[in-house]
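*Asks:* Pasting the sequence and the predicted model now:
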2 protein chains.
Amino acid sequence: MRPLDISIIGATGAVGTVLIKLLGASHIPVNRLRLLASSNSIGRQSTFRDEICFVESLGETDDIKTDIAFFSAGGAVSAKWGPLFAAQGALVIDNSNAFRMDPDVPLVLPQVNPSALAVRPRSGIVANPNCSTIQLVRALRPLVTAFDVHQIILTTYQAASGGGLIGIDELLSGTRTALDGGAGPSAERFPVPLAFNVIPQVGETAPEGVTLEERKLIQESRKILGMPHLQLTSTCVRVPVVNGHSEAIYIEFEEPVRLEQVHELLVKEPGVRLFADGIHEGYPTPRFLEDPADVHVGRVRVNPENPRGLWIWVVADNLQVGAALNALLIAQLAIANNVIGGT
Amino acid sequence: MRPLDISIIGATGAVGTVLIKLLGASHIPVNRLRLLASSNSIGRQSTFRDEICFVESLGETDDIKTDIAFFSAGGAVSAKWGPLFAAQGALVIDNSNAFRMDPDVPLVLPQVNPSALAVRPRSGIVANPNCSTIQLVRALRPLVTAFDVHQIILTTYQAASGGGLIGIDELLSGTRTALDGGAGPSAERFPVPLAFNVIPQVGETAPEGVTLEERKLIQESRKILGMPHLQLTSTCVRVPVVNGHSEAIYIEFEEPVRLEQVHELLVKEPGVRLFADGIHEGYPTPRFLEDPADVHVGRVRVNPENPRGLWIWVVADNLQVGAALNALLIAQLAIANNVIGGT
């Protein structure tokens, strides 16, 4: 295949930085890589396959023609620029919330619903799911495929990196100040200071009391799994972890399940690493993740008092599995399916 | 009433230290306060009502006669010394796990089951519930009294102080090292390093995969509420918070509930502080607790897709509400009921 022109919008952010690294290590042939960001980042540079790339300002370029445009600069940037790039022929792979629930935009987890990208989407845009949805759905897939689900109840333990590099900085500087006995800088990225704290709010809260993150989990899981009636409810919580989201998930099935069946399904699932299965001991924790490309599952246990109830503990690198790596896998799937190169 | 002789066993620990302060501020008349701990702590001192008290070694005293003995030095110390103090006439108020499920030992939350202490217990011992049970049951009480419960599913976000002063030290020193780029000291108090991490294990794990903390929540809630068939399941998780446990609790009732009813019940509950009720804005977080003597409840919401499902977010000071304050309230209840002074 011919080498591709690729643009990364949001190239200096937490996800963009990881994406440049993963793209460099991939086998995707690249003709020209353009790094785009806000005007604050002009002149910053990154190394891509041993070459130096300089960051350009998105607002000051006229030439937006490219084969693939990865967007990871927030919903407003995607909403404005995504359709413009797509109109110039790019396949837009968008990491924001701007288009995920658009019926013309496939929401793709390559391990779960690759067929959603069998043909080029009409809008020219493919959406990458939200980070906490990705690890949830990748762990759920084998289970909800094998057994009928009654309901899913989960809570999250989400890292500062979900709030970008600013989120990480705010956690680290707030932690330093707190250790020195100070009150810490006031919160900007998070609703209240995150250092030595947990915050039961991720994203805006709607009038009925549900947060944006909690709504995303429901809507996106249903769309990806093709299960519009999936019953799922959650409380999403930010915790003072630098990187790596964790989820405590309780799945109530319609019928009793046996632990051995569940183990067998999870062990066979590609990209899922099961703990306490005789190979990996203990359970995963976000700071000591074994592989940033895997979804780590531990504490798998059937409720001793209700054989229809199953707990799992799921941890993944939210910047890789939950964002950049999934975007790259979407690109590879699109290349394999020949859906690159639009109007 | 006559001033009482009181002993605090574990006087230099996280809970003991708080208890000395709370007892000093209380109206309980004290004749003699003895502070007891392991021989490592001999000669350390504390201030109690403007007087200096020196710490004595528990193992080197012959005189253990006292009116009230507060134990907070771990299960092994309570198991060995609790019955000896009780045999000498003390009412033992035990903060450990040693006697909680003993049928001869009342497990008392003064706000919930004060009648359990109407007469002096046969064993002379009263048990203080586990910290995470206390805040759970205090928030649940008005709800499970008003409505029939189908099941309760919860996860916890438990602070380092639940592991005592050693736990706090391990979190703070591990955090400093991590900020300086080091790997941090290896974990001793917790299963893996807690700094910038979350650990889905509190207490030992039984062969069937349930941890001790998760088992305590079920057994103790049933005993305190007098609901032996209460369906409750949990995942308990340690988080890098210094002090203050949080819980995300999903209650499924047998019938639909209205948010207004739930608000009304929680607002009326003594010692429960409701957020987003028109008085207290937002939601509670452990680092910024308004009152260490209250149980703080926020993010109260009915599941929009299942009117039988209710989420609440419950935060409390685990050293005060969850331990020392409850022990003190038990003592006050025992004094009011004239059950001090045994065989």
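*Replies:* On my side now, so go ahead.
*Asks:* now stretch A:140-156, how far from the centre of its chain.
*Replies:* Relative to the chain's own centre, stretch A:140-156 is displaced by 19 Å; criterion: Cα atoms, centre = their mean, to the nearest Å.
*Asks:* That stretch spans what distance, first to last residue?
*Replies:* 15 Å (Cα to Cα, to the nearest Å).
*Asks:* buried sites along that stretch?
*Replies:* A:140-144, A:147, A:149, A:151-156 (16 or more other Cβ atoms under 10 Å in any protein chain shown). C-beta: built from backbone N, CA, C; applies to glycine.
*Asks:* the helices in the stretch 1-150 of chain A, which residues?
*Replies:* A:14-25, A:75-87, A:131-146 (DSSP state H, counting those that start in this stretch).
*Asks:* is any part of the first one close to chain B?
*Replies:* Right, helix A:14-25. No - Helix A:14-25 does not reach chain B (Cβ under 8 Å from any Cβ of the partner chain); its nearest approach is 15.8 Å.
*Asks:* Where does the residue located most distally from the centre of chain A sit: helix, strand or coil?
*Replies:* No residue in chain A sits farther from the centre than A:Gly181, which is 35.2 Å out by Cα atoms, centre = their mean. Following DSSP: H, G, I helix; E, B strand; the rest coil, we place A:Gly181 in the coil state.
*Asks:* OK, contacts around it?
*Replies:* Applying Cβ atoms under 8 Å, 6 or more residues apart in numbering or on different chains to A:Gly181 gives no contacts.
*Asks:* what residues are up against A:Asp277?
*Replies:* A:263, A:266-267.
*Asks:* Tell me the residue of the stretch 51-200 of chain A that sits nearest chain B?
*Replies:* A:Asn197 (3.9 Å; Cβ to the nearest Cβ).
*Asks:* Would you confirm that that residue contacts B:Leu289?
*Replies:* No - judged on Cβ atoms under 8 Å, A:Asn197 makes no contact with B:Leu289 at a distance of 10.4 Å.
*Asks:* who has more neighbours, those two?
*Replies:* A:Asn197 (27 against 19; other Cβ atoms under 10 Å in any protein chain shown).
*Asks:* residues near the closest residue to that one other than its chain neighbours, how many?
*Replies:* In this structure, A:Asn197 finds its nearest non-sequential neighbour in B:Arg287, 3.9 Å apart by Cβ to Cβ, 6 or more residues apart in numbering or on different chains. Neighbour count for B:Arg287, taken as other Cβ under 10 Å: 22.
*Asks:* is it true that A:Lys223 touches A:Leu107?
*Replies:* Yes - at 5.0 Å, A:Lys223 and A:Leu107 qualify as touching, with contact defined as Cβ under 8 Å.
*Asks:* Please enumerate the shared neighbours of those two.
*Replies:* With Cβ under 8 Å, 6+ apart, A:Lys223 and A:Leu107 have common neighbours A:100-101.
*Asks:* Can you report how many residues neighbour A:Arg32?
*Replies:* 12.
*Asks:* now it: how far from A:Ile64?
*Replies:* 13 Å (Cβ to Cβ, to the nearest Å).
*Asks:* ok, the closest residue to A:Gly82 other than its chain neighbours to A:Ser46 distance?
*Replies:* Excluding the flanking residues, the one nearest A:Gly82 by Cβ to Cβ, 6+ apart is A:Val92, at 4.8 Å. Distance of A:Val92 to A:Ser46, computed by Cβ to Cβ: 21 Å.
*Asks:* who's more crowded, the two?
*Replies:* More crowded of A:Val92 and A:Ser46, by other Cβ under 10 Å: A:Val92, with 28 against 19.
*Asks:* Tell me who's in contact with the more buried one.
*Replies:* A:69, A:71, A:78, A:82-83, A:85-86, A:124-126.
*Asks:* Kindly present those as CSV, with separate columns for distance to A:Pro304.
*Replies:* What follows is those, written out as CSV (distance: Cβ to Cβ, whole Å):
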residue, distance to A:Pro304
A:Ala69, 51
A:Phe71, 46
A:Ser78, 46
A:Gly82, 49
A:Pro83, 53
A:Phe85, 53
A:Ala86, 52
A:Gly124, 51
A:Ile125, 47
A:Val126, 43
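*Asks:* Give me the pLDDT for A:Pro185.
*Replies:* Per-residue pLDDT puts A:Pro185 at 65.
*Asks:* Actually, A:Thr61.
*Replies:* The predicted local confidence for A:Thr61 is 85.
*Asks:* Could you pull out the strands in the stretch 1-150 of chain A for me?
*Replies:* Using DSSP state E, counting those that start in this stretch, the strands of the stretch 1-150 of chain A run over A:4-9, A:30-37, A:45-48, A:51-57, A:68-71, A:91-94, A:125-127, A:149-157.
*Asks:* Contacts for the longest one next, please.
*Replies:* Put plainly, it is strand A:149-157. By Cβ under 8 Å, 6+ apart, strand A:149-157 touches A:132, A:136, A:140, A:143, A:202, A:213, A:217, A:227, A:230-237, A:239, A:241, A:245-254, A:286, A:308, B:153, B:155, B:157, B:198, B:237, B:239, B:248, B:250, B:306.
*Asks:* Off-centre distance for the lengthiest strand in chain A?
*Replies:* With secondary structure taken from DSSP state E, chain A has its longest strand at strand A:306-316. Remark: strand A:306-316 is offset 21 Å from the chain centroid, using Cα atoms, centre = their mean.
*Asks:* right, is that strand up against chain B?
*Replies:* Yes - interface with chain B: strand A:306-316 contributes A:306, A:309, A:311, A:313 (Cβ under 8 Å from any Cβ).
*Asks:* Of these, which is the nearest to chain B?
*Replies:* Nearest member of the residues of strand A:306-316 next to chain B to chain B, counting by Cβ to the nearest Cβ, is A:Trp313, at 4.8 Å.
*Asks:* The closest one: what's its closest spatial neighbour, skipping adjacent residues?
*Replies:* The nearest residue in space to A:Trp313 (Cβ to Cβ, 6+ apart) is A:Arg299, at 4.0 Å.
*Asks:* unless I'm mixing things up, the one you found is touching B:Cys236, no?
*Replies:* No - contact criterion Cβ under 8 Å: A:Arg299 and B:Cys236 do not qualify, at 10.3 Å.
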